[in-house]
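> my questions concern the predicted model and sequence given below.
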Amino acid sequence: MSQDEGDDKRHQDLTRHYYAHAWRLADEAREPELAATALRGLAIQSIALGPRRRAESYALAEKAMSYTKHLNDPRARAYYESTYAEAAALDGDRAAATKALSASQTHIESTASAPPGESWSSHFTIGRWAYASGMILAKMGDLTAAQEHVQHATETYGLDRRRTRANVLGHLGDIRLRQGDFDGALSAWSQFLDCAEGVQSVRVRDAAEDMRVRLARYPHDTTARELSERASGLLIT
């Protein structure tokens, strides 16, 4: 959780240390799912740093996938395949991203009526997959499909966790704006701010800052100015 405490070098270095140590312990203990999860954490951290870490992200996600051959839980396979698809999309490998995303969809849909298991990744539901896949599709430029997936996620995923729901709504606003749906973006961002109030999270702060930068393009819109002012409160440390 160090990565959610701050995006400064100290917290990021701690995050890498804990994930790397967890991976070594899990690998030594022959626990493939825990090993894959630790590597996934490192991959997600690298993905968050953007294109300059794309090669590292891809390599870490690929290494995590090497453990999935030992897993029988389709939720777990979908979980790591979606991360691999995200890393491939960031690296510009559309073919690999599309293939991994399709495989993850097949696996997650096979769990539609199955109760949550006891594995580390048993939390990965169709709703969570919808959010992850929506973000991947957005990276690939398919904004129509991305909005459909993220919209589905807002209806089924993270309703009991304000931080998670806030992140989903923040991204939904961004996707709608990129599609030219200004009013839809404002609506999603208004809901984002409602959920984000009082939540301490680097991702939420990043989403708020991203929103303010984008809304600055509309200085004469009253609603845009109001939302930007509300977002400012999330950026106060």
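Sure thing, it's come through. Numbering: from 1, shown residues only.
> okay, the lengthiest helix in the chain in PDB with CA atoms only?
Secondary structure of the chain read by DSSP state H shows that its longest helix is helix 9-28. Output in PDB follows, covering the C-alpha atoms of helix 9-28 (Å, rounded to 0.1, in the frame of the first residue of the first chain):
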ATOM      1  CA  LYS A   9      10.600   8.500  -4.700                       C
ATOM      2  CA  ARG A  10      10.700   7.200  -1.100                       C
ATOM      3  CA  HIS A  11       7.200   5.600  -1.400                       C
ATOM      4  CA  GLN A  12       7.800   4.300  -4.900                       C
ATOM      5  CA  ASP A  13      11.100   2.700  -3.800                       C
ATOM      6  CA  LEU A  14       9.400   1.100  -0.800                       C
ATOM      7  CA  THR A  15       6.700  -0.200  -3.100                       C
ATOM      8  CA  ARG A  16       9.200  -1.800  -5.400                       C
ATOM      9  CA  HIS A  17      11.100  -3.300  -2.400                       C
ATOM     10  CA  TYR A  18       8.000  -4.900  -0.900                       C
ATOM     11  CA  TYR A  19       6.800  -6.300  -4.200                       C
ATOM     12  CA  ALA A  20      10.200  -7.700  -5.200                       C
ATOM     13  CA  HIS A  21      10.600  -9.200  -1.700                       C
ATOM     14  CA  ALA A  22       7.100 -10.700  -1.900                       C
ATOM     15  CA  TRP A  23       7.900 -12.200  -5.300                       C
ATOM     16  CA  ARG A  24      11.200 -13.800  -4.100                       C
ATOM     17  CA  LEU A  25       9.400 -15.300  -1.100                       C
ATOM     18  CA  ALA A  26       6.500 -16.600  -3.100                       C
ATOM     19  CA  ASP A  27       8.800 -18.100  -5.800                       C
ATOM     20  CA  GLU A  28      10.900 -19.800  -3.100                       C
END
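> packing partners for that helix?
helix 2-5, helix 32-48 (3 or more Cβ pairs under 8 Å, 6 or more residues apart in numbering; DSSP states H and E). C-beta here means a position set from N, CA and C on the backbone, and glycine is covered the same way.
> what angle separates the helix or strand following the last one from helix 32-48?
Using DSSP states H and E, the helix or strand that follows helix 32-48 in sequence is helix 54-65. Orientation note: helix 54-65 sits at an angle of 170 degrees relative to helix 32-48 (axes from the mean of the first three to the mean of the last three Cα atoms, to 10 degrees).
> flag the shaky bits of the chain, pLDDT-wise.
Along the chain, the model assigns pLDDT under 70 to residues 3-7, 116-117, 157-160, 237.
> distance of Ala224 from Gly184?
13 Å (Cβ to Cβ, to the nearest Å).
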